[in-house]
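Engineer: What follows is a predicted structure for the sequence shown.
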Amino acid sequence: MVTDPTLARINDGVQLHHGAGRRDAARRLFEQVWTDIGGETGDPLHVCVLAHAMADVQADVGEELLWDQRALAAADRLTDDRVAQAGVMLPLAGLYPSLHLNLGECYRKLGDLGRAREHLQLAQAGMGALGDDAYGRLIRAGAERLERLLTGRQE
């Protein structure tokens, strides 16, 4: 169970966006949390999770890409101990498939198919860190979707 109050606030924003369809309200909450944590200089776990969520509420794919890049950079500064300390049940390695999947999708939208494929491959390479649970299935399905889009396959 997540015990970190900042992660709980970020989850509130995720619920505003995905649960209630209130993207602008979620973005405003994320902007406030970003200020509160000190932006990119904050706790890498907070920066990673917040930037990952902030990317999803961007209207511009270029901005989405910047937030996804921030999330990946912050993940590279994380440790398994910090992730566990916050009550996150996923190991650090389990964050990377989603981060790379989102970057791959951004690059696909921007027409940079080479980079999109690179990030898809990185996401696929990390799938072993995911459990056989709803989150793992969601990320695997996302990777399959992106692969279909990049190869032109219809299923």
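Structural biologist: Nice, I can see it. Numbering: from 1, shown residues only.
Engineer: element containing the residue positioned nearest the centre of the chain?
Structural biologist: The residue at the geometric middle of the chain, judged as the C-alpha nearest the mean C-alpha position with CA atoms, centre = their mean, is residue 52 (3.6 Å). Under DSSP states H and E, the secondary-structure element containing residue 52 is helix 44-56.
Engineer: right, and the helix or strand after that helix?
Structural biologist: By DSSP H and E, the next helix or strand past helix 44-56 is helix 61-75.
Engineer: what about that next one, average pLDDT?
Structural biologist: The average pLDDT for helix 61-75 rounds to 98.
Engineer: Kindly calculate the angle that it makes with helix 44-56.
Structural biologist: Going by axes from the mean of the first three to the mean of the last three CA atoms, to 10 degrees, helix 61-75 is angled at 160 degrees with respect to helix 44-56.
Engineer: Show me which parts of helix 61-75 are buried, residue by residue.
Structural biologist: Of the residues in helix 61-75, those buried under the neighbour-count criterion (16 or more other CB atoms under 10 Å) are 64, 65, 66, 67, 68, 69, 70, 71, 72, 74, 75. From N, CA and C alone the C-beta is placed, and that goes for glycine too.
Engineer: Which secondary structure elements does it sit against?
Structural biologist: Here helix 61-75 touches helix 44-56, helix 96-109, going by 3 or more CB pairs under 8 Å, 6 or more residues apart in numbering; DSSP states H and E.
Engineer: circling back to that earlier point, contact partners of the helix holding residue 52?
Structural biologist: Counting by CB atoms under 8 Å, 6 or more residues apart in numbering, the neighbours of helix 44-56 from elsewhere in the structure are 4, 6-7, 10, 13-14, 17-18, 26-27, 30, 33-34, 37, 39-40, 64-65, 67-68, 70-72, 74-75, 77-78, 82-83, 86, 88, 95, 98-99, 102, 106.
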